[in-house]
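Q: attaching a predicted model along with its sequence, questions to come.
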Number of protein chains: 2
Amino acid sequence: MVTKARPRTEGAFGAIADPTRRAILDLVRHREMSAGDIARRFPVSRPAIAKHMRVLRQAGLLRERREATSRYYTLDPSALQAVDQWLAPYRLFWAARLVDLKRVVEEEAKAKPKKGE
Amino acid sequence: MVTKARPRTEGAFGAIADPTRRAILDLVRHREMSAGDIARRFPVSRPAIAKHMRVLRQAGLLRERREATSRYYTLDPSALQAVDQWLAPYRLFWAARLVDLKRVVEEEAKAKPKKGE
DNA sequence: CATAATCGTAACCGTATGGTTACAAAAGCC
DNA sequence: GGCTTTTGTAACCATACGGTTACGATTATG
């Protein structure tokens, strides 16, 4: 039987699903870092980090610069816009919830007025 | 050897990693739907959808209302705020890219100094 | 040239994931 | 009480995931 064989870490959504990969992005977001510098910050082995880096790279989230034997990485955030855009309609929801809270507060203030305001 | 055994679909990030689950959220975001109504929209079996629903439920993304034998689901978007908040600093990146393209060009020039072009 | 340093990859391992089919529970209907 | 509808879950399967150790490629350095 032929089963579907598409990787589940493809794309930005899959890339940021793993907390280690999010932490890597949070690192290279601030400053350019070498692969070794990045790996040294995590409790797992360097090859494990290298695999995470490959996922991030294939998602288009990293820029690579080679110098000598080192590879320096910086963030390429553009692929994250897909997540941001998907999230946009949901942002309206909790914005509406704030409006709702505002209404509740106003009603309570009208029902039992506490102090001058 | 005891290996770590934490599920990778836990939390909002894992929940939205799967495209089917995102599509389910996009459905219940618009209107309340029964489990069957949801499942009917996808080319996979109903139990497969039921498992996705469980992941979404455990991530706190669904509200359930039972009526007769049916279960109606609506969105509870609050858990998505974690994603939104993690994304916030990155949003600044492409906002800056839109507002001040010149600065971005300078930063890139600093990052990888001039290959012939 | 030999050696060390840096980095990616291959091979392997145990668990999680996403799918299936089969079955059980609960409520409406004859 | 039986029967159907709706739903969730259990058991199972193939593959992806995240980790490890071993190894190879590349480059600077003595």
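A: Right, received. Where do you want to start?
Q: what segments of chain A are strands?
A: All strands of chain A, identified by DSSP state E, fall at A:33-34, A:62-67, A:70-75.
Q: in a markdown table, list the ones you listed along with mean neighbour count and distance to DNA strand D.
A: Every C-beta, even on glycine, is put in place using the N, C-alpha and C of the backbone. A markdown table is the format used below for the strands of chain A (neighbours: other C-beta atoms under 10 Å in any protein chain shown; distance: least, C-beta to the nearest atom of the strand, whole Å):
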| stretch | mean neighbour count | distance to DNA strand D |
| --- | --- | --- |
| strand A:33-34 | 17 | 13 |
| strand A:62-67 | 14 | 7 |
| strand A:70-75 | 18 | 9 |
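Q: nearest to B:F13 among those would be which one?
A: Closest to B:F13 of those is strand A:70-75 (C-beta to C-beta; 17.7 Å).
Q: so how far is that closest one off the chain centroid?
A: 18 Å (C-alpha atoms, centre = their mean, to the nearest Å).
Q: and it with strand A:62-67, angle?
A: The directions of strand A:70-75 and strand A:62-67 differ by 150 degrees, with axes from the mean of the first three to the mean of the last three C-alpha atoms, to 10 degrees as the criterion.
Q: strand A:70-75 pairs with which strands, parallel or anti?
A: Paired strands of strand A:70-75, with direction, are strand A:33-34 (antiparallel), strand A:62-67 (antiparallel) (DSSP bridges).
Q: so can I have CSV of the strands of chain A showing distance to B:I24 and mean pLDDT?
A: Compiled in CSV, the strands of chain A are given as follows (distance: least, C-beta to C-beta, whole Å; pLDDT from 0 to 100):
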stretch, distance to B:I24, mean pLDDT
strand A:33-34, 37, 98
strand A:62-67, 30, 97
strand A:70-75, 30, 98
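Q: these: which one's closest to B:E64?
A: When the strands of chain A are compared by C-beta to C-beta, strand A:70-75 sits nearest B:E64, at 38.8 Å.
Q: anything in the closest one near DNA strand C?
A: Yes: Strand A:70-75 is in contact with DNA strand C by C-beta under 7 Å from any atom of the strand, via A:70-71.
Q: export that strand to CSV, keeping only CA atoms.
A: Once non-C-alpha atoms are left out, strand A:70-75 reads as follows in CSV (Å, rounded to 0.1, in the frame of the first residue of the first chain):
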residue,chain,number,x,y,z
SER,A,70,32.7,28.5,9.7
ARG,A,71,29.2,29.2,8.5
TYR,A,72,27.4,32.2,9.8
TYR,A,73,23.6,32.4,9.9
THR,A,74,21.2,35.3,10.1
LEU,A,75,17.5,35.4,10.0
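Q: residues making contact with it?
A: A:25, A:28-29, A:32-36, A:38, A:53, A:61-66, B:90, B:93, B:111 (C-beta atoms under 8 Å, 6 or more residues apart in numbering or on different chains).
Q: restricting to the residues you listed, which residues neighbour DNA strand C?
A: Applying C-beta under 7 Å from any atom of the strand to the contacts of strand A:70-75, those adjacent to DNA strand C are A:34-36, A:53, A:64.
Q: quick one, helices of chain A?
A: Along chain A, counting by DSSP state H, helices occupy A:11-15, A:19-28, A:35-39, A:46-58, A:80-111.
Q: and for the residue nearest to A:W86 when sequence neighbours are not counted, the neighbour number?
A: In this structure, A:W86 finds its nearest non-sequential neighbour in B:R22, 6.6 Å apart by C-beta to C-beta, 6 or more residues apart in numbering or on different chains. Counted with other C-beta atoms under 10 Å in any protein chain shown, the neighbours of B:R22 add up to 15.
Q: cheers, nothing more for now.
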